[in-house]
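*Asks:* everything below, folded, please.
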Amino acid sequence: MSFTPEITNKRLRGIGGSEVAAILGLSSYSSPYKVWLTKTGRETFPVDNKYTRAGTILEGAVAQFFEAETQYRIIKSSAKQKVYQHPEHQFAIGMPDRIYVTPGSVGKRVLECKTTQSVIEDVPDEWFCQLQWYLGVVGMTGGAVAWLERGLDFKFKEFEFDADFWNYMIEAVAKFWKDHIEKDTPPDPLTASDVEYRYKYHTAGNVIQATPELIGVHEQLKLLRAEIKEKTEKEQEMIDSIKLVMRDAEAVMNGPKPIITWKTASAPTLFNKESFKNDHPELYEQYIYEGVASRRFLIK
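*Replies:* Sure thing, here's the model as predicted:
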């Protein structure tokens with residue numbers, strides 16, 4: 001999703017609904033450390049992909065489904081991008097997808113629109129956190145999460161504002177903001193991805209002693225890798241036995257249906273780096289650059 005420079009700057013100065021679950025350790029896609037990297041300007045994680053683009057385009061469709069299904073009235077002007085800020089907690093911000101009103105209640109309500117390729121039986125924690133955060137930020141008493149599964153199945157669920165959960169969230173986020181954003185101190189990594197990003201290089205001479213738990217995981221991993229190797233070798237034996245029968249045949253048929261194919265692929269176009277280096281050393285040097293270092297994980 002793309003934002004105007006003004007909205008982007010406002011988002012950097014606070015914690016939004018999509019980041020709360022990460023700070024609470026409930027996100028499948030982010031973590032407190034990644035939120036810290038973003039808010040301190042150290043990293044901008046890509047958010048423009050086919051899923052986010054589809055979600056942005058289909059947001060309006062989800063809102064239309066919701067309006068048609070419930071007969072609630074969505075406030076048209078709420079489709080415009082706007083950053084709300086909590087009057088007391090300045091770091092608490094939010095951009096609800098839509099605002100709507102219902103015939104049977106007093107006041108406006110928040111609608112959060114989602115699209116997914118999964119079948120959702122109940123609202124995920126991340127979505128619930130996001131809605132409750134928005135309700136607290138804008139000061140509304142209830143709202144709904146609506147989603148479209150695989151572009152076909154529409155579902156929604158309504159919620160009332162949970163003051164106890166809001167207090168829990170605001171306390172945790174306030175602590176995160178004070179301890180990590182204001183003090184510019186990174187939170188501890190929660191995921192392997194966090195560790196890989198934060199510790200790109202090893203420290204020479206720095207070793208740790210294995211705990212009983214680590215020794216147990218190490219032994220299980222060795223057994224698992226041995227099992228995988230055995231199955232991989234067995235798989236290759238079976239493939240080789242089929243090749244012996246096929247010879248130059250392009251397919252094995254089960255009646256009219258091919259169940260195995262073995263066709264010649266187009267020859268790849270290759271680049272002879274060593275020859276180019278020898279023939280054009282000066283030009284070769286112009287295109288040499290240092291790649292990104294990585295740590296190799298080996299099981300002994």
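
*Asks:* could you list the buried residues of stretch 290-299?
*Replies:* Of all the residues in stretch 290-299, not one is buried under the rule 16 or more other Cβ atoms under 10 Å. Yep, even glycine has a C-beta here, placed from its N, CA and C like the rest.

*Asks:* that one: end-to-end distance?
*Replies:* Stretch 290-299 has an end-to-end distance of 27 Å (criterion: Cα to Cα, to the nearest Å).

*Asks:* same question for stretch 274-290.
*Replies:* Start-to-end, stretch 274-290 (Cα to Cα) is 18 Å.

*Asks:* just stretch 246-257 next, same as before
*Replies:* 16 Å.

*Asks:* what of stretch 265-281?
*Replies:* 34 Å.

*Asks:* what's in contact with it?
*Replies:* Under the contact criterion Cβ atoms under 8 Å, 6 or more residues apart in numbering, stretch 265-281 has outside partners Y284.

*Asks:* per-residue pLDDT of L26, please?
*Replies:* pLDDT recorded at L26 is 94.

*Asks:* that one touches D125, doesn't it?
*Replies:* Yes: between L26 and D125 a contact is recorded at 4.5 Å, counting by Cβ atoms under 8 Å.

*Asks:* what segments of the stretch 201-300 of the chain are strands?
*Replies:* For the stretch 201-300 of the chain, the strands defined by DSSP state E, counting those that start in this stretch occupy 251-254, 257-261.

*Asks:* looking at these, which is closest to A293?
*Replies:* Among the strands of the stretch 201-300 of the chain, the nearest to A293 by Cβ to Cβ is strand 257-261 (40.9 Å).

*Asks:* pop the domain breakdown of this protein in here.
*Replies:* For the chain, automatic domain parsing gives the domain ranges 5-198, 211-244.

*Asks:* what about the longest one, start to end distance?
*Replies:* Okay, so that is domain 5-198. End-to-end span of domain 5-198 (Cα to Cα): 28 Å.

*Asks:* looks to me like E112 is in a strand.
*Replies:* Yes: counting by DSSP: H, G, I helix; E, B strand; the rest coil, E112 falls inside a strand.

*Asks:* show me what contacts it?
*Replies:* For E112, counting by Cβ under 8 Å, 6+ apart, the contacting residues are 17, 96-97, 127, 130-131, 134, 143-146.

*Asks:* helix, strand, or coil at W147?
*Replies:* What three-state DSSP gives for W147 is strand.

*Asks:* skip ahead from the helix or strand of the chain with the lowest mean pLDDT and say which helix or strand is next.
*Replies:* Here the helix or strand of the chain ranked lowest by mean pLDDT, DSSP states H and E is helix 5-12, holding a mean of 82. Per DSSP states H and E, the first helix or strand lying C-terminal to helix 5-12 is helix 17-23.

*Asks:* re the thing from before, wait, which of the strands of the stretch 201-300 of the chain is closest to K178?
*Replies:* strand 257-261 (61.3 Å).

*Asks:* what does that closest one rub up against?
*Replies:* Identification of contacts with strand 257-261 by Cβ under 8 Å, 6+ apart yields 242, 246, 250-253.

*Asks:* swap in stretch 61-76?
*Replies:* 79, 97-103, 108, 111, 113-115, 144, 146-148, 154, 156.

*Asks:* try 6 Å this time
*Replies:* 98-102, 113, 146, 148, 154, 156 (Cβ atoms under 6 Å, 6 or more residues apart in numbering).

*Asks:* so what does Q85 have for phi and psi?
*Replies:* Main-chain dihedrals, Q85, degrees, to the nearest 10: phi -130, psi 140.

*Asks:* for it, give the beta-bridge partners.
*Replies:* Note on Q85: beta-bridge partners I93, judged by DSSP bridges.

*Asks:* quick one, helices of the chain?
*Replies:* 5-12, 17-23, 32-39, 50-70, 125-138, 163-176, 192-198, 212-246, 273-279, 281-286 (DSSP state H).

*Asks:* many thanks, we can stop here.
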